[in-house]
Structure formats: structure tokens, C-alpha cells
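Asks: I'll drop the sequence and a predicted model, then ask my questions.
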Amino acid sequence: MEGRFAFTAQFWGDGAVVCRAVEDRPGPIIEQQFGEFPSWTQAQTFAGRLNEGLDLDPLTARHIVTSSILATACVVQEALNSKEQWQGTSVEIAARAAQLRCVLSELALALTMCHTASNLPEASAHRALFYARRVLRHSTHFLKSHDGDYDQLRTIAAGTARLQSTLQQVSACLPACLP
């Protein structure tokens, strides 16, 4: 038997969408047929009218939506708890390889941004360096948490050290180097 359902609003980028939540089932799920709304309030007002059409008072609708969100949290928690089941599988190996490639790509891009910062207008140069610092923090965190082989860690450590050194050099000369 299909459970009770209710509608609610969820943020979506700079706007909001209407979602359907089924009681005690993971969700809520976006209802694309209603489109995107400029604000969460407009989407929630629309969802409220839909719930009225289902003869759901606001408290009952909130109960249904909350039970759906809690069901989602249970699914996520179960996936996190089953982490041991993934160890050593081809899925885990592929995920680790993709994560390593991503960090290496971020480091390469951050180095490129550092090298071009002196040729950019001041605001753009500061954004580029802000991004590079964020990549530095990310790669440092990756080094602390990644349990890959020694060669992988050494490659990331070398890229992180190179980025840190380049960032220090560029930051020191930035005001004098800007056009």
C-alpha cells in the first residue's frame, strides 16, 4: 500500500522547488512538473495549497515530510556504517583513483592560477589566490586522511609543497606585480 504523501519546498540554487515526500520513505523528491520558483516562500505557499487539496493540515504535512527526511537520514547512516563492506572492492579502488586524480588536477590548476595571478586585475588575482589557498588546505587534509600507497602520498605531498612555495612567492610580490 502506498503511504501518505505531502508536498514541501526545498532550496534549489538561487530559487526553490516543490518536492513530494512519502511518509516513512526516503525523500523528499523534486516534482519537476511544478518548475522552479524565485523564492522558497513562493514554493512553500504553492506546496501548502497542494496539501490543502489533499485535505492535509499543515501539522500533518510537516509530520509526513519530517518522516521522509528521517528515512533518508537512516539510509545515509546505513551506507556510512557499511563502509567496511566496500573495502578492497573494485568500487573502492576506482573511487580512490578518481579522488587521487581530482586532487592532482586541483593542485595543477591552483599552480596555474598562481602563475597567472600577476597578469590579472587585482580582484581576479585575489580570487585566484583564494582558490589556491583552498586547494592547499584540501590537499593537506587529503594527505592526513588518505591511506593510499606511499608513491601516491609522495606525489600529493610534492604537489602540495610546490603549491605552498609558489603561493608564498606570489603573495609576497602580488601588490608590486599587479598591472
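Replies: Structure's in. What do you need? Numbering: from 1, shown residues only.
Asks: Can you identify the element that follows the helix or strand of the chain with the lowest mean pLDDT toward the C-terminus?
Replies: The helix or strand of the chain with the poorest confidence is helix 83-86; it has a mean of 64 (mean pLDDT, DSSP states H and E). Scanning forward in sequence from helix 83-86 by DSSP states H and E, the next helix or strand is helix 90-116.
Asks: buried ones in that next one?
Replies: Going by neighbour count (16 or more other C-beta atoms under 10 Å), the buried part of helix 90-116 is 100, 103, 106-107, 110-111, 113-114. Quick note: C-beta positions are derived from backbone N, CA and C, even for glycine.
Asks: Pull the distance from the helix or strand where residue 123 lies to the chain's centre.
Replies: Following DSSP H and E, one finds residue 123 within helix 122-145. Relative to the chain's own centre, helix 122-145 is displaced by 16 Å; criterion: C-alpha atoms, centre = their mean, to the nearest Å.
Asks: next helix or strand past that helix?
Replies: helix 150-177.
Asks: That following helix vs helix 122-145, what angle?
Replies: 160 degrees (axes from the mean of the first three to the mean of the last three C-alpha atoms, to 10 degrees).
Asks: what's the angle from helix 150-177 to helix 90-116?
Replies: 20 degrees.
Asks: Tell me the buried residues in helix 150-177?
Replies: 152, 156, 159-160, 163, 166-167, 170, 174.
Asks: Export the residues you listed as TSV, with columns for pLDDT and distance to residue 32.
Replies: Listed next are the buried residues of helix 150-177 as TSV, based on pLDDT from 0 to 100; distance: C-beta to C-beta, whole Å:
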residue	pLDDT	distance to residue 32
152	82	41
156	89	40
159	92	41
160	92	42
163	92	41
166	91	45
167	90	43
170	85	45
174	65	46
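Asks: In TSV, list those residues along with distance to residue 19.
Replies: Shown next, in TSV, are these (distance: C-beta to C-beta, whole Å):
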residue	distance to residue 19
152	40
156	39
159	41
160	41
163	41
166	45
167	42
170	45
174	46
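Asks: quick one: what helix or strand has residue 6 in it?
Replies: Here residue 6 is assigned to strand 5-12, by DSSP H and E.
Asks: residue ranges with poor pLDDT in this protein?
Replies: Low-confidence regions of the chain, defined by pLDDT under 70, span residues 1, 79-87, 174-179.
Asks: for the strand holding residue 6, packing partners?
Replies: Judged by 3 or more C-beta pairs under 8 Å, 6 or more residues apart in numbering; DSSP states H and E, the packing partners of strand 5-12 are strand 15-22, helix 40-53, helix 58-81.
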